[in-house]
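In: For reference, the sequence and a predicted model appear below.
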Amino acid sequence: MDRVTSTQNAPLAFLKGHGTENDFVIVPDPDNAVALSPADVARLCDRRAGIGGDGVLHVVRSAAHPEAKDLADEAEWFMDYRNADGSVAEMCGNGVRVFARYLEHAGHVTAGEVAVATRGGVKRVHLDKDGSVTVAMGRAVLPEESVTVTVDGRSWSARNVNMGNPHAVAFVDSLDHAGDLHTEPPYAPASVYPDGVNIEFVADRGPRHVAMRVHERGAAETRSCGTGACAVAVATARRDGADPAASGTPVTYTVDVLGGTLVITEHPNGEIDMTGPAVIVAEGTIDPSWLAGPSS
């Protein structure tokens, strides 16, 4: 099947969903027939002139997408995720929960176990009957290189954690120290993250309980970041002297984000589970003449 641009005459179906207020425009496209340009994605995510979102979940069958066809035997569906600025991202933890919720909403899957292909590998998702969604996020990688993050004259050493996408985790006394996060906080050396980085600022709230704010690359500050919450839980555990691989005991942290709460468990085999809500809030069609029009 030939692909068509997203700006031809047929209306483009969409849904809107969020996971702990990390919100997404969902574009169902099982046959990968719609070519969404970076400009299209940015217009869809525009909060004043578009639908508004932290990113786009392009829903494609794995067999129909060149980046996922090798994963089709493991996962029928591929999450072709785009940041709000139109750039491509490896993974989005809140996004994959909302993606799985959409598959259930559309009747493609039922409650229980679901496999979702992403650029960060196949993620195993459990849709609970109580409405929560648990994602097996894989293992964290802890590179030795770190960076120093600076905001308003204050500097912190940030732990390097990779969850399929890169994170820099800085522990602060107050989340206010993160500043406005409209722009990316400076970090050095920049060579540690050649493709950019998500930067988390973390403050303690109690035993195995922290709160975070995040600047996501390509989206500025967001209300939540699933991979970021996992990176924060792992970095906090190591700071606290907890390592499930060494102790043989799982470690669970509650991570408060601006849009709610996520529960992160790291198991002795290194696998990390993330549990939180995922909600579909609206659906409709996009006027093709608007999407094809000049950018604001």
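Out: Yep, that arrived. None of the values given here were measured: they were computed from a predicted structure. Numbers count the residues shown, from 1 in each chain.
In: for stretch 164-181, how far is the first residue from the last?
Out: Using C-alpha to C-alpha, to the nearest Å, one end of stretch 164-181 lies 23 Å from the other.
In: what's the nearest residue to the residue nearest the centre of the chain if we skip its chain neighbours?
Out: Closest to where the C-alpha atoms of the chain average out (C-alpha atoms, centre = their mean) is residue 92, at 2.1 Å. Take residue 92 and drop its neighbours on the chain: the residue closest to it by C-beta to C-beta, 6 or more residues apart in numbering is residue 81, 5.1 Å away. The way it works is simple: take the backbone N, C-alpha and C, and place the C-beta from them, glycine included.
In: Which positions in stretch 43-55 come out as buried?
Out: Within stretch 43-55, the residues scored as buried using 16 or more other C-beta atoms under 10 Å are 43, 44, 45, 50, 51, 53, 54, 55.
In: Likewise for stretch 58-75?
Out: Buried residues in stretch 58-75 (16+ other C-beta under 10 Å): 58, 59, 60, 61, 62, 63, 64, 65, 68, 71, 72, 75.
In: can you give me how far that stretch is from the chain middle?
Out: Stretch 58-75 sits 19 Å away from the centroid of its parent chain (C-alpha atoms, centre = their mean, to the nearest Å).
In: Tell me how many other residues surround the closest residue in space to residue 220 that isn't next to it in sequence.
Out: Nearest non-adjacent residue to residue 220, counting by C-beta to C-beta, 6+ apart: residue 182, 5.7 Å away. By the criterion of other C-beta atoms under 10 Å, residue 182 has 8 neighbours.
In: Quick check: residue 294 is in a helix.
Out: No - under DSSP: H, G, I helix; E, B strand; the rest coil, residue 294 sits outside any helix and is assigned coil.
In: Could you pick out the one among the buried residues of stretch 43-55 with the lowest pLDDT?
Out: pLDDT across the buried residues of stretch 43-55 is at its lowest for residue 54, which sits at 92.
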